[in-house]
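Undergrad: starting from these lines, generate the structure:
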Amino acid sequence: MLNNLPKFVCIVLCTVICFSIEAQHQIKMDATLREDMKTIMIQQSIRFENNTEKQLEVLYFNDWNNAYASRKSPLTIRLTEEFKKNLFLARNKDKGNTCINGLHSSEQGALHWDYLEVGDIIAVRLKQPLAVGEAINLHWDYEVKIPNAKFTGYGYHTSGYNLRYWYI
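TA: Sure thing, here's the model as predicted:
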């Protein structure tokens, strides 16, 4: 794995830089791979700007990694419809998931969040609405359990990691 570490760090930096250049939002993160546990510890900051035409009370974030956690997720259902039942029947140690330890904002303090019924969308409820043109700084602390790559080709496998959409 030490041979793959520089490639992993390079991919993380490129991803963060690309998001910072292309989007009106900024994402910064510190990610630490725990290879023995097949997890990534993440401290992430997102500067979210409201570029809509109305104030926002709830922000939505995609947590693709958590789609592996449940038999009822759209990912599991889709794979089952394609007669691929390996994720549906998988042991928990092979599935991915996300454990959110904390979420707060510089402007509003600790924030309440919930997963929507589908399991891979997070709804963050703001204490005060975010006005048009304003920004909020969100600070996440979470742990990602990397899934086995046998389900979708993304995750861990015998020779390393193939990651895609692995952070919020």
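Undergrad: mind listing the helices for this structure?
TA: Applying DSSP state H to the chain gives helices spanning 5-22, 74-81.
Undergrad: lowest average confidence across those helices, which one?
TA: Ranked by mean pLDDT, the helices of the chain bottom out at helix 5-22, with a mean of 53.
Undergrad: what about Glu49, distance to Thr158?
TA: Shown here: Glu49 relative to Thr158, a distance of 42 Å by C-beta to C-beta, to the nearest Å. In this view, the C-beta of every residue, glycine as well, is placed from N, C-alpha and C.
Undergrad: so which of these two has more stuff around it?
TA: With neighbours defined as other C-beta atoms under 10 Å, Glu49 and Thr158 compare such that Glu49 has more, 15 against 5.
Undergrad: contacting residues for the residue nearest to the more buried one when sequence neighbours are not counted?
TA: Of all residues not flanking Glu49 in the chain, Ala135 sits nearest, at 4.4 Å (C-beta to C-beta, 6 or more residues apart in numbering). For Ala135, the contact set (C-beta atoms under 8 Å, 6 or more residues apart in numbering) comprises Arg47, Phe48, Glu49, Asn50.
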